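**Student:** Turn this into a model:
(one chain, ligands or ions: 1)
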Amino acid sequence: MTRVGVLALQGDVREHARVLTALGAEVVLVRRPEELASVDGLVLPGGESSVIDKLSRAFGMQQPLRDAIESGMPVYGTCAGLILLADRIANPIAGQQSVGGLDVTVQRNAFGGQVESFETALTVDGFDEPVHAAFIRAPLVTEVGPRAQALAALPDGGVVAVRQGNLLGTAFHPEVAGETRFHELFLDLVRAA
Ligand code: GLN
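**Tutor:** Numbering: from 1, shown residues only. Below you'll find the predicted structure:
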């Protein structure tokens with residue numbers, strides 16, 4: 001059975017666990033380095049990236065996460081998870097760090113606050129049918145570096161999904177919209193790794 005983790009420090013952990021379980025994976029809630037060492041892939045959930053950052057450092061998880069990414073572990077980040085995966089944050093709060101790995105710059109809260117949250121149908125590279133995407137205080141990828149590849153953009157060209165090898169990031173939340181294809185792609189990467 002495919003054994004994957006969801007980083008469970010803060011955020012919509014349960015929604016990801018539910019989708020992954022429904023797709024047949026064994027799901028571990030990851031808070032400690034030992035738990036991270038026991039999984040073959042990891043989801044970084046949505047939530048508040050500055051809080052997840054702070055907690056990940058308090059729990060001694062930042063370096064283990066960096067090591068896991070460095071070693072090629074498949075990691076999928078949604079929204080705050082994408083911010084954590086980004087090498088560069090355009091507008092961090094004071095002291096905010098990212099785990100990094102994805103050669104992109106992200107801008108947090110690029111669409112405004114909670115009231116500016118929206119849902120839309122997105123065309124995504126590699127998927128036949130459009131994705132129903134929920135954007136909740138979402139970030140935008142403002143720069144895609146040479147090692148990363150854009151998978152989806154809004155009509156105005158703003159990049160909202162990226163991939164770099166075994167790393168996958170979306171600015172939106174497929175897990176709250178009944179969309180499973182990103183999680184399926186993530187599990188395919190885990191099985192192939
Ligand atoms: N605005 C949040 C942040 O900066 C992300 C929101 C989300 O994950 N839905 O971390």
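**Student:** and the top helix by length along the chain, what does it pack onto?
**Tutor:** If each helix of the chain is counted by residues according to DSSP state H, the longest one is helix 181-192. In terms of contacts (3 or more Cβ pairs under 8 Å, 6 or more residues apart in numbering; DSSP states H and E), helix 181-192 is packed against strand 3-7, helix 13-22, strand 75-78, strand 167-170. Quick note: C-beta positions are derived from backbone N, CA and C, even for glycine.
**Student:** Identify whichever of the ones you listed lies nearest to the ligand.
**Tutor:** The ligand lies closest, by Cβ to the nearest ligand atom, to one member of the helices and strands packed on helix 181-192: strand 75-78, at 6.9 Å.
**Student:** does that closest one come close to the ligand?
**Tutor:** No - counting by Cβ under 6 Å from any ligand atom, the ligand has no neighbours in strand 75-78; the shortest distance is 6.9 Å.
**Student:** what distance separates that strand from the middle of the whole chain?
**Tutor:** 2 Å (Cα atoms, centre = their mean, to the nearest Å).
**Student:** I would like the residues contacting it, please.
**Tutor:** Defining contact as Cβ atoms under 8 Å, 6 or more residues apart in numbering, one finds that strand 75-78 is touched by 16, 41-46, 68-69, 83-85, 101-102, 166-170, 172-175, 182-183, 186.
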